[in-house]
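*Asks:* Give the three-dimensional model of this entry:
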Amino acid sequence: MPILTAASPVSEAIFGLLNDATLQTDVGGRIFDDIPQDTIRPCVLYEILTETDIHGFGTGGLPELDLRTHVFSDVGSLSEAQSINKSIVALLKDAAITVTGYTQCGLIFYRETVTLRSEELFGQKVHEIVSLFTVFVEQS
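*Replies:* Numbers count the residues shown, from 1 in each chain. Next up is the predicted model:
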């Protein structure tokens, strides 16, 4: 059985969930795994933060992946970022995904949300809301 990393196929599956019509409209289609330099806001960044193989003894793989989403907004209040983040949590929390080469174990676990009021994105002051999730998949 070849050794695989699940980050890329899980990332593709997450993008599929975030490719929701309402969320796409709310952020003008600006959902990225790497934000381009001159991107206007609001926008969303999603990333696989860590991947840990927790399979224990034996063969195969059981990766635990930490997923982090970021909502960036430059509107004066936090309301825009909070509304977009609420949509993201609703889309990802307890969601099932199809991951090439893997079988999802359980559903996506929502962990927490952190609000960062005065951050910078490419030299511009923004509001940032970060949500953390965990995904478990088993190598097929």
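
*Asks:* which SSE is residue 14 in?
*Replies:* Following DSSP states H and E, one finds residue 14 within helix 7-18.

*Asks:* Contacts made by the helix or strand residue 49 falls within with the rest, please.
*Replies:* Assignment of secondary structure by DSSP H and E places residue 49 within strand 43-53. Outside strand 43-53, the residues within contact range by Cβ atoms under 8 Å, 6 or more residues apart in numbering are 5-7, 10-11, 14-15, 18, 23, 27-28, 30-35, 61-72, 84, 88, 132. From N, CA and C alone the C-beta is placed, and that goes for glycine too.

*Asks:* Drop anything exposed from those residues.
*Replies:* Neighbour-count burial (16 or more other Cβ atoms under 10 Å) applied to the contacts of strand 43-53 gives 6-7, 10-11, 14, 18, 23, 27, 30-32, 35, 61-72, 84, 88.
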